[in-house]
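Participant: Turn this into a model:
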Amino acid sequence: MLATSHAPRIGGNLAFIRDELTRRQPPVPVRVLAYAARPGKKGLVLGFLHAARAAIHMATARVLVVDDYFFPLYVIGRRRGLRVIQTWHASGAFKKIGYSVLDKTFGADEELIGKVPIHSNYDYCLMASRSAARHYAEAFRQPLERFVTDLGIPRTDVLFGDERIAALREQLRTRYDLPPGKKVILYAPTFRGDTVLRARSPQDLDLRLMREILGEDHLLLLKLHPFVRGRHLIAPAVEGFVRDASDHPDINELMHVSDILLTDYSSAIYEFSLLVKPMVFFAPDHEDYEGERGFYFDFRTGVPGPVFETTEEVARYIRAGEFDLERVRRFRDESFEIADGHATARVVDELILPGLEG
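Facilitator: Predicted coordinates for the structure are as follows:
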């Protein structure tokens, strides 16, 4: 069973694993359980119904693969013979999660963990590097030996394969009307808010000024965080410069048509580093975000690009075009033990299929 409680359909690692299992001969039967939490009484009722469904499937599944916080797994007694694999949705340890944020306004608090053993019942936790695994061992309160770092991260497979990449580029350039000769800035801010149910998008970047300085030979591809509900309204003043790609299910695919990543605190920096392209960080609320969520390393010195607090600084830096790609390479090498386009097959062969035997 492949399960997520943060989206109405599976994506990322779970989608890659599903596709690999259905390609096998004979195909491996897959059950998908996907839903997104909602606020209010209706959300509580739906959450209960989804938890009941999860309990039924967990009673018969041989392998359960999750990609995020999955509440039913922590409160429903686990059957002997069920193998549980946590793939998570970030390749590296960047923003704090789980037990690491008990002193923050984001995430779980002492009252919750006193009642619910969050991040429990995992047999294997997939991670890209041992350095990141050490932080996640703290975040999950799981022993370090449960972290597997030598197989790779399935969703990074989309970043490899010349034929696949060429086809993706053609599709995306047509879909989002990306003309040749213009450099594409992928703007991917993470969400704000102390819970995913109250997620909102930052509004600090001045898109008009970005267009004024860069519009001649650049355009901006906007990808809001999936937790942010509702579409972004593009003002008439920046039409033609901004393309809204927030509806695209896989940000890693958008990386193939992007020349620069502009973000604040998104974990997409890990996958983007595999392409060795420049990154720029716009973080005027860095201190507030540190108090709300926090990081596993010093933000200003640890990210693979310069950090700015004004739109003009960001735009002037991109206009100058003097990027430190060696800094990106160092970040990539520190973040991934293996990334070669074959991670999904290894995860299926080494972790999932053995759990189906017997």
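Participant: mind checking the SS state of residue 25?
Facilitator: coil (DSSP: H, G, I helix; E, B strand; the rest coil).
Participant: List phi and psi for it.
Facilitator: phi -120, psi 120 (degrees, to the nearest 10).
Participant: likewise residue 58?
Facilitator: Residue 58 adopts backbone torsions of phi -70, psi -20, taken as degrees, to the nearest 10.
Participant: who are the neighbours in contact with it?
Facilitator: Contact analysis of residue 58 by CB atoms under 8 Å, 6 or more residues apart in numbering lists 1, 64, 72, 73, 76, 78, 79, 82. No exception for glycine: its C-beta is placed from N, CA and C like everyone else's.
Participant: Buried ones among those?
Facilitator: When neighbours are counted using 16 or more other CB atoms under 10 Å, the contacts of residue 58 contain these buried positions: 1, 64, 72, 73, 76, 82.
Participant: separation between the third one and residue 305?
Facilitator: It refers to residue 72. Using CB to CB, to the nearest Å, residue 72 is found at 39 Å from residue 305.
Participant: just the strands in this protein please.
Facilitator: For the chain, applying DSSP state E gives strands covering 2-4, 32-34, 63-66, 83-86, 124-126, 147-148, 183-188, 218-222, 242-244, 260-263, 279-282, 307-308.
Participant: Mind listing the strands the first one pairs with, and their directions?
Facilitator: In the sheet containing strand 2-4, the strands it pairs with under DSSP bridges are strand 32-34 (parallel), strand 63-66 (parallel).
Participant: still on that earlier bit, from the contacts of residue 58, pick the one nearest residue 309.
Facilitator: Nearest to residue 309, judged by CB to CB, of the contacts of residue 58 is residue 73 at 40.0 Å.
Participant: count of residues packed around the closest residue to that closest one other than its chain neighbours?
Facilitator: Counting by CB to CB, 6 or more residues apart in numbering, the nearest residue to residue 73 once its immediate chain neighbours are dropped is residue 121, at 5.4 Å. For residue 121, the neighbour count with other CB atoms under 10 Å is 19.
Participant: Over to residue 302?
Facilitator: The tally of other residues near residue 302 (other CB under 10 Å) stands at 12.
Participant: Hmm, it is touching residue 281, no?
Facilitator: No - taking contacts as CB atoms under 8 Å, residue 302 lies outside contact range of residue 281: 10.6 Å.
Participant: Now do residue 35 against residue 326, distance only.
Facilitator: Residue 35 sits 43 Å away from residue 326, going by CB to CB.
Participant: what about these two, which has more around it?
Facilitator: Just comparing residue 35 and residue 326: by other CB under 10 Å the higher neighbour count belongs to residue 35, 19 against 10.
Participant: Please parse this protein into its domains.
Facilitator: Domain assignment of the chain by automatic domain parsing yields the ranges 2-156+340-356, 161-335.
Participant: How far away from the center of its chain is the lowest-mean-pLDDT helix or strand in the chain?
Facilitator: In the chain, no helix or strand scores lower on mean pLDDT, DSSP states H and E than helix 110-115, which sits at a mean of 84. Centre-to-centre, helix 110-115 and its host chain are 26 Å apart (CA atoms, centre = their mean, to the nearest Å).
Participant: switch to numbering from 724
Facilitator: In the new count, where the first residue is 724, that last one comes out as helix 833-838.
Participant: that older thread, mind listing which of the buried ones among the contacts of residue 781 are in helices?
Facilitator: Secondary structure from DSSP state H places 795, 796 of the buried ones among the contacts of residue 781 in helices.
Participant: Let me have the buried ones among the contacts of residue 781 in TSV, extended by distance to residue 734 and pLDDT.
Facilitator: Compiled in TSV, those are given as follows (distance: CB to CB, whole Å; pLDDT from 0 to 100):
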residue	distance to residue 734	pLDDT
724	16	95
787	17	97
795	20	92
796	19	93
799	24	87
805	23	95
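Participant: now the buried ones among the contacts of residue 781 as TSV including distance to residue 735?
Facilitator: Converted to TSV, the buried ones among the contacts of residue 781 look like this (distance: CB to CB, whole Å):
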residue	distance to residue 735
724	16
787	16
795	20
796	18
799	24
805	22
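Participant: from what I can see residue 964 touches residue 940, true?
Facilitator: No - applying CB under 8 Å, one finds residue 964 not in contact with residue 940, separated by 11.0 Å.
Participant: Of the two, which one has the most company?
Facilitator: Between residue 964 and residue 940, counted using other CB under 10 Å, residue 964 has the larger neighbour count: 20 against 9.
Participant: Okay, that one and residue 844: tell me how far apart.
Facilitator: In this view, residue 964 and residue 844 are 48 Å apart by CB to CB.
Participant: re earlier: show me which residues of the least confident helix or strand of the chain are buried.
Facilitator: residue 836.
Participant: before we move on, the earlier item: is it possible to get CSV of the strands of the chain that adds distance to residue 779?
Facilitator: Supplementary listing: these in CSV, determined by distance: least, CB to CB, whole Å:
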stretch, distance to residue 779
strand 725-727, 12
strand 755-757, 10
strand 786-789, 12
strand 806-809, 16
strand 847-849, 23
strand 870-871, 28
strand 906-911, 37
strand 941-945, 40
strand 965-967, 39
strand 983-986, 39
strand 1002-1005, 44
strand 1030-1031, 48
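Participant: nearest to residue 1053, of these?
Facilitator: Closest to residue 1053 of the strands of the chain, according to CB to CB: strand 1002-1005, at 12.5 Å.
Participant: Give me the contacts around the closest one.
Facilitator: With CB under 8 Å, 6+ apart as the test, strand 1002-1005 has contacts from 912, 927-928, 983-987, 992, 995-996, 1026-1032, 1034, 1037, 1040-1041, 1051.
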